[in-house]
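[1] Have a look; sequence and predicted model below, questions after that.
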Amino acid sequence: MKEQGKVKQEARRILNRFGRKRGNLIPILQKVQGRLGYLPRQAMAEIARFLDIPEIDVYGVVTFYNQFRLNPPGKHSIRVCLGTACHMKGGYITLDAWKRRLHIDRGQATSDREFDLDTVACVGCCVLAPVTVVDDKPQGQVEPTKVDGILLSFKLEKEKR
Ligand code: FES
C-alpha cells in the first residue's frame with residue numbers, strides 16, 4: 001500500500017511537468033521509468049488519467065516497445081544480443097542458457113532481484129559474437145559454459161561481501 005502511494009506520488013510529480021497531450025505519452029513513460037526503474041500498473045493508471053486515454057492504450061504502448069519494463073529490474077542486468085552476427089553464432093542458445101540458469105524468461109527478474117534478463121539488438125561488437133551485455137559491459141563469446149562462469153563470478157563476489 002505504502003509502495004503504491006509512493007508510485008502515484010512520483011508519477012504525479014513527473015506528470016506535472018508535461019502537457020496533457022497524447023503525443024507526450026512516450027516521453028512521460030520514459031521519465032517515469034527512469035525514475036522508478038520500471039512501469040508499475042499504478043503509474044500507468046495515473047498516466048492514462050492524466051492524458052485522458054484508456055489504460056489499455058498506455059499498456060499497449062508499454063508492451064509494444066521493448067525499452068519499457070513491466071517488472072522491477074534486478075541488481076544486475078543481463079542483455080543477450082540477438083543482432084544478426086550474434087544470432088548466427090548462437091545467440092538464442094545463449095539466451096536459453098541464461099533462461100534456464102536464472103529460471104526466468106526475458107523481461108523478468110529473478111525472485112531475489114539479483115538479475116534481470118532481456119535481449120538487445122546489435123551492440124556494435126559483432127566480432128565477439130555471441131555477445132551478452134552484463135551490467136552495461138559487453139562480454140564476448142558468451143556460450144552456455146561461459147554463462148555458468150559469469151554466474152559463478154557473481155556468486156563469489158557476493159560471498160566476499
Ligand atoms: S550482432 Fe551482437 S554485437 Fe553485433
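    Thanks, I have the structure now.
[2] Tell me the buried residues in stretch 79-95?
    Neighbour counts over stretch 79-95 (16 or more other C-beta atoms under 10 Å) mark 79, 80, 81, 82, 83, 85, 86, 89, 90, 91, 94, 95 as buried. Yep, even glycine has a C-beta here, placed from its N, CA and C like the rest.
[3] ok, those vs the ligand, which is closest?
    Nearest to the ligand among these: residue 83, at 2.5 Å, using C-beta to the nearest ligand atom.
[4] residue contacts, the closest one?
    Each residue near residue 83 by C-beta atoms under 8 Å, 6 or more residues apart in numbering is listed here: 91, 120, 121, 122, 123, 126.
[5] So which of those wins on neighbours?
    When neighbours are counted by other C-beta atoms under 10 Å, residue 91 leads those with 22 neighbours.
[6] measure that residue to residue 30 for me?
    Here residue 91 is placed at a distance of 27 Å from residue 30 (C-beta to C-beta, to the nearest Å).
[7] how about the strands in this structure?
    For the chain, strands defined by DSSP state E occupy the ranges 76-81, 108-109, 115-120, 132-134, 137-139.
[8] Looking at those, which is nearest to the ligand?
    Relative to the ligand, the nearest member of these by C-beta to the nearest ligand atom is strand 76-81, separated by 3.4 Å.
[9] who touches the residue nearest the centre of the chain in this structure?
    Residue closest to the average C-alpha location in the chain (C-alpha atoms, centre = their mean): residue 69, at 5.1 Å. Going by C-beta under 8 Å, 6+ apart, residue 69 touches 33, 37, 38, 39, 107.
[10] Could you do residue 80 as well?
    86, 91, 94-95, 98, 106, 117-120, 130-133, 142.
[11] swap the cut-off to 10 Å and go again
    86, 91-99, 106, 117-120, 130-134, 142, 147 (C-beta atoms under 10 Å, 6 or more residues apart in numbering).
[12] out of those residues, which touch the ligand?
    86, 131 (C-beta under 6 Å from any ligand atom).
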